[in-house]
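> Fold the following for me, if possible:
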Amino acid sequence: MTLAVIQHSVSDFDVWLQAYEGAAAIRAAGGVTEASFHRKAGEPNTLLVLHHFGSIDEAQRFLQDPELKLAMTRGGVIGEPRVEIYE
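Residues are numbered from 1 along each chain as shown. Okay, here's the model as predicted:
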């Protein structure tokens, strides 16, 4: 199992949540087998997103998908997200 850990800030959590929920097909097509997100205590617009994959290759392809980048833009992600991949 591979885990992608993504941390980023958003301008408005409700806007981000709507975009995240609308991107379910992108996650499914990208091989995400399990997903969750968490808001930082005291900073509700700072998010930690966890996506599970069957392999590192799947995670890397998903993270490079232009559709994902568009969804993140629609969701109001601020700056470049911090991304780490774990096995």
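
> Which stretches in this structure count as strands?
For the chain, the strands defined by DSSP state E occupy 2-10, 34-40, 43-53, 77-86.

> Now do the last one against strand 2-10, angle only.
Relative orientation of strand 77-86 and strand 2-10, computed by axes from the mean of the first three to the mean of the last three Cα atoms, to 10 degrees: 160 degrees.

> Which residues does strand 77-86 contact?
2-11, 16, 56, 59-60, 63, 72 (Cβ atoms under 8 Å, 6 or more residues apart in numbering). Glycine gets a C-beta too; all of them are placed from N, C-alpha and C.

> Give me the sheet partners of it and which way each runs.
Within its sheet, strand 77-86 is paired with strand 2-10 (antiparallel), according to DSSP bridges.

> mind exporting the strand it pairs with as PDB, just the C-alpha atoms?
Taking Å, rounded to 0.1, in the frame of the first residue of the first chain, the C-alpha atoms of strand 2-10 are listed here in PDB:
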ATOM      1  CA  THR A   2       1.200   3.500  -0.800                       C
ATOM      2  CA  LEU A   3       0.100   6.700   1.000                       C
ATOM      3  CA  ALA A   4       0.200  10.200  -0.500                       C
ATOM      4  CA  VAL A   5       0.200  12.900   2.200                       C
ATOM      5  CA  ILE A   6      -0.800  16.300   0.900                       C
ATOM      6  CA  GLN A   7      -0.800  19.500   3.000                       C
ATOM      7  CA  HIS A   8      -2.100  22.800   1.700                       C
ATOM      8  CA  SER A   9      -4.000  25.900   2.700                       C
ATOM      9  CA  VAL A  10      -7.200  27.000   1.000                       C
END
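
> circling back: would you check which pair of the contacts of strand 77-86 lies furthest apart?
11 and 56 (31.0 Å; Cβ to Cβ).
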